[in-house]
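> Structure of the sequence below:
(3 chains)
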Amino acid sequence: MVKEDFLLAARGVAKKYGSVIALRSADLSVGSGEIHALLGANGAGKSTLVKILSSVIASDTGAIEVHGEATNLRTPSDSIAAGIATVFQDPALIRDLTLEQNLRISGLDKADVEPWLVRMNLGHIDFDLQVADVPLAVLRLLDLARALAHDPQLLMLDEITAALTTDQASYVFEVMREWKDRGRSVLFISHRLGEVLEMCDRATILRNGADVAHLDLRGVDEGQLVTAMLGAELIEEFAEGPVEEVDSTRAVDVLEDRDVVLEAKGLYLRDKVNGVSFQLRSGEILGLTALEGQGQDELFQVLSGDHRPTAGELLVDGERLNARSPYDAIRRGLVLVPADRQKALLPQRSVRENLSTPLYARAGRWFTIASDEVERVDRAVERLDIDIRAGSQAQRLSGGNQQKVTIGRWLASGFDTLLCFDPTRGIDIQTKAQIYDLLREVAATGASVLLYTSELREIPLVCDRALVMYAGRIVHEQDAATATEETLLTAAHGLQEASA
Amino acid sequence: MSTDLVSPPEADGRPEALTSRQKAARYLTNHPHLVLIGVLIVLIILTGIIEPNYLSINGLRNSALFAVPIGVLAAGQTILMLTGGIDLSAAMIATGAAYVAANQSPRGALIAIIGGLLVGLLAGAANGIGVGILQVNPLIMTLAMSGILLGLFTSWAQTIFSGSTRMGDFIRTVGGGSFFGRAVPWAVVVWAVLSVFVVYMLRRSGFGRNLYALGDNAVASRLSGVRAWQVLIAVYTLAGVFAAIAGLLLGGRVGAVDLQLAGVFLLPSVAAAVIGGTSIFGGIGTYTGTILGALILGVLQSLLTFLGAGQAVQQMLYGSIVIGLSWLYTRISAAQ
Amino acid sequence: MTAVAPDTLAAGTQPAWRRWLRRHGWTVGVWILLLALIVYYSTLIPRFGWFQVASIVNNSTPLVFLAVAQAIIVIAGGIDLGVGGMLVLSSVTAAQLMEGQGFGVTLLIAIAIIAVAAAMNAGVGWIITVSNVPDIVITLGSLYVFQGMALAVLPNPGGGTSEGFRYMFTGSNTGIGSNPWPAAIMMTIAVAGVALWMGKTKGGLSLYAVGSDKTAAYLSGIRAALVKIKAYAIGGGFAALAGLATTAIAGRGNATTVGGNLTLNSVAAIVLGGVALTGGIGSAIAVVPAGIILFFLNPILTAMGVDPHGAQVIQGVLIVFVMAVTGLLEWRRRRRS
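Numbers count the residues shown, from 1 in each chain, chains lettered A, B, ... in the order given. The predicted structure follows:
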């Protein structure tokens, strides 16, 4: 294609956050009248690229051209003025203002968005509502309507369908088609490959912060997309990696004689957790998976003592745990590794202090530093192979090392049951393998692990037994060795209520 | 955002080619106290040039004496700021403590001191309950406490504490007296002992670790088992006791006590901690830095006195220093 | 992410008055509290008339304006410890320049002072946005600077102003009288103006947007730094207005007034007025009665025969109580969502 045909062209865009590379070098070009997909696994750099294209953050290097001309867009308002409107993952609406006030701060009027809202079946909405009172899915559509009201040349949609119902998603697709028919363009980001293949003309695939493929999507199937996203070499690495050396085929019946260390009996939390019961045995790794927002976050909040259940009880070693704060759960050996490292890390403190935090939580330990602190910390650092060269501030570590620190904290202080919430989200393959090894090691010493994961293949790889959650309930249970992505996914969609 | 970051293992600590300016910036970042020591020395020399007599035991002693109440009050501010808090009632607690001590002085030094410290203990604990349990914003809680104490003591001055406003001899000696032929003020000794305690607490105690953890990331420290309310009540109580000690020293130096005793030291105590590099958002800072901050303010006071600068210039300079140094810190840490 | 049936989002599903009350309940409550206190006060003292009303309205003007200044800045996500210093600086500058001048000249001087104060505080806002240093630290510095400047302008209490100028703020050429209307009208115009601007225009709503969610505001195309500077500038202007009122009431200026204490009162007033210290929530209209109440507690307690210093204790307890209750409500709201 000739250069001038592109509505938007980005070349060699790179971005670093401290020592962490978010984008190495990415090229992307979107033509006029095209729906273009931007694909990549978690952590590939999609959101960073979108933020750079919409001038939310500045790239370190690289050039962006609109209609073949180099641009110098510095703020989101510059981008909007240049004809690029974005709907971000989190709706950019102000909680404390009404819908009408939100329109006004973007220089719009009710009349500008109403035609679009009517088409999305939201024509009746009350503009005097406060954003805080409107559900997320509706906010996404409102944000879309607001973006459309700016009449952009290029519409960028970052994971817009994630929280939408099928109906709502179909409105979005209609709008995208219309935009294409008008000769305008759409940049579409989605994890749902079916949608991508149905809607998009071309795709740019990012991996590890660089563009690895530019595909014409005609005649491409999902498998080819997945291969392109993961990279053939990575898939091999997975197959031959150190993980295989661990014996993950232990029969579940061996575990049946072990003591039950953690038992949930009919746990409820508001309308999010609706009667969850399960048993976790000593030395067992119990896998749990679910689609986004099925109550797994809240279940872990209850298990870790962060929230009291509204009903039901939790037994640790057969005795009831009535936790007022995580402290009480930790004292009973129940410890949490949260998915979001922002919730676990002391970013400005050293690795040593991060690792030793739980040692001093009890008021009895307030006076002097534990005499064996150095030893405990060194052991955890060694066991996890934490790279502590940038150890004076935990925020300077890479994501993988940060995650190791949040796990290492519990190795240093000791525990009986490890609650791991998606511990491998957004970290590199090598660290992932180390974490799998560690979990198996931990289980081998008699401790138990409850592992929530959003990556289905981790279930057969690491776990003994698998649970699937849907709408706040456990809907499926099976031996992890026999679990396939298909059976787990079917259950996760609530399509089949089975108990193997 | 964090889920979207690629984190290659080689990203850590890889030696990079640095310009000498970057190297200098990095060195200063890792040793922030050097900047302060430099500022302090420059100020001392500058004062010595303007008034050669200053570079004597007597001259330096005066600066130190001025720095003592600031430094002791700032000990409380530092440990609170580490948790993301602040104590706007510190000056009023100090005044109240001195008032009670003066009032109880006829009954002996011990009772006077205990009475004074008790004021700090109670007011500090009340602050801690407000912040830790009732979840009131620290700024508001301590501001309200300041008003409450002012009201109570103004009213008590005519009733239950209507007696002596003169400090007893012992407290006056500790607050204003010196030994080794007037070379070393007792107040400086008290400050030094307190400094050792605070520095040790922050560096080598579990409580110190909790303070930093709470201020750096309250959610993470909760998930690590830290119970914020316990730590907060303890730290506000401790800060109250420090404020009371400052009040006793100040009251001892002045001799007689009124309700305006410590008021002027409130904002300098916050300034000393800020100058010393403690972040008002918590998680970052040391008491060593605060000590240097208090000393800088003490020398500055002498310098301005010799210059014959009035309150006006003094205050403007104070303000500019707070703004300038905090700006510098932010630039240095952003330059990494 | 509870599934809400679309029709609950339609207009008219909730009685308008109920929503209005939910949103403005705090404002209404503070006004009712003020009225109740006035009624109570009138039963306490032997003679309650225009003199008493004028005294309350006039003498609370400086605190009200200062609280509005603080409210504007806090709503935009900042906090300005320097407003008290700005009040003192404007007050003494006015007293210094206005002494012996006619009404016309004093009026021009007043306008110039407001403009310069706004510009200076815009500078403070600029430093905050450029340096990335927390608001509270920079404005701690500006508090000192302004207070020092005030001392330089007027080392000893003194100066003066024109009779007309005093009338403008106090309804009397001597500063004492029974006419509350000029002060009331000044407050109404200034506060209603700023409240309308903040609630109805793009520029004013941006203050709420930036204070509520800086990222979302930025993504909506708002220049957060500019908005913050604007908030500081307007706040500076209101602080200067408070200073002018102080001069008009006292008839002179006094640079030894401790600006820090005035700042603390302004923070107390906005908290009582329902402004969230975290930014994005509150209204200038609720801050007015809150400011008056804080001033008004003194005469009430005197009239009750209680030691007036008790007022400070009650103020303090009241503020802690208000914060604890709002904190509890917020906690409950978040738990349920």
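> Centroid-nearest residue for chain C?
Nearest to the geometric centre of chain C sits C:Ala67, at 1.6 Å (Cα atoms, centre = their mean).
> can you check chain A too?
In chain A, the centroid-proximal residue (Cα atoms, centre = their mean) is A:Arg425; its distance is 6.3 Å.
> Now do the SS call for it.
The three-state label given to A:Arg425 by DSSP: H, G, I helix; E, B strand; the rest coil is coil.
> What is the burial count for residue 58?
I'll assume chain A. Residues near A:Ala58, counting by other Cβ atoms under 10 Å in any protein chain shown, number 11. Any C-beta I mention is one placed from the backbone N, CA and C, and that applies to glycine too.
> think we crossed wires, I meant chain C
Using other Cβ under 10 Å, C:Asn58 has 24 other residues around it.
> Surely it is within a strand?
No: going by three-state DSSP, the assignment for C:Asn58 is helix, not a strand.
> Return the residues in contact with it.
Residues near C:Asn58 by Cβ atoms under 8 Å, 6 or more residues apart in numbering or on different chains: C:Phe169, C:Thr170, C:Gly171, C:Gly175, C:Pro180, C:Ala183, C:Ile249.
> where's the last one relative to C:Val153, distance?
Distance check for C:Ile249 against C:Val153: by Cβ to Cβ, to the nearest Å, it reads 19 Å.
> can you check the second one too?
As for C:Thr170, its distance to C:Val153 is 23 Å (criterion: Cβ to Cβ).
> what does the fifth one give?
Here the criterion is Cβ to Cβ. By it, C:Pro180 lies 31 Å from C:Val153.
> Quick check: closest non-adjacent residue to the residue nearest to the centre of chain C.
C:Ala269 (3.6 Å; Cβ to Cβ, 6 or more residues apart in numbering or on different chains).
> since we're on residue 220, how many residues are nearby?
This is for chain A. A:Val220: 15 surrounding residues under other Cβ under 10 Å.
> nope, chain C
Other residues near C:Ser220 come to 24 when the count uses other Cβ under 10 Å.
> Could you look up the SS state of A:Val56?
coil.
> Looks like it contacts A:Arg74 (just checking).
No: using Cβ atoms under 8 Å, A:Val56 makes no contact with A:Arg74, being 10.4 Å away.
> related to what we said a few turns ago, quick check: of the contacts of C:Asn58, which lies closest to C:Glu163?
Nearest to C:Glu163 among these is C:Gly175, at 9.5 Å by Cβ to Cβ.
> looking at this, that closest one is in a helix?
No: according to three-state DSSP, C:Gly175 belongs to no helix; its state is coil.
> Can you give me the distance of it to C:Ile113?
Distance from C:Gly175 to C:Ile113, counting by Cβ to Cβ: 19 Å.
> Which one's more surrounded, these two?
Per other Cβ under 10 Å, whichever of C:Gly175 and C:Ile113 has more neighbours is C:Ile113, with 23 against 18.
> Contact partners for the more buried one?
Each residue near C:Ile113 by Cβ under 8 Å, 6+ apart is listed here: C:Ser90, C:Thr93, C:Ala94, C:Leu97, C:Ala240, C:Gly243, C:Leu244.
> just B:Ile37 next, same as before
The contact partners of B:Ile37, taken as Cβ under 8 Å, 6+ apart, are B:Leu292.
> Equivalent analysis for A:Leu148, please.
Shown in contact with A:Leu148 (Cβ under 8 Å, 6+ apart): A:Ala85, A:Val113, A:Trp116, A:Leu155, A:Val175.
> All set now, cheers.
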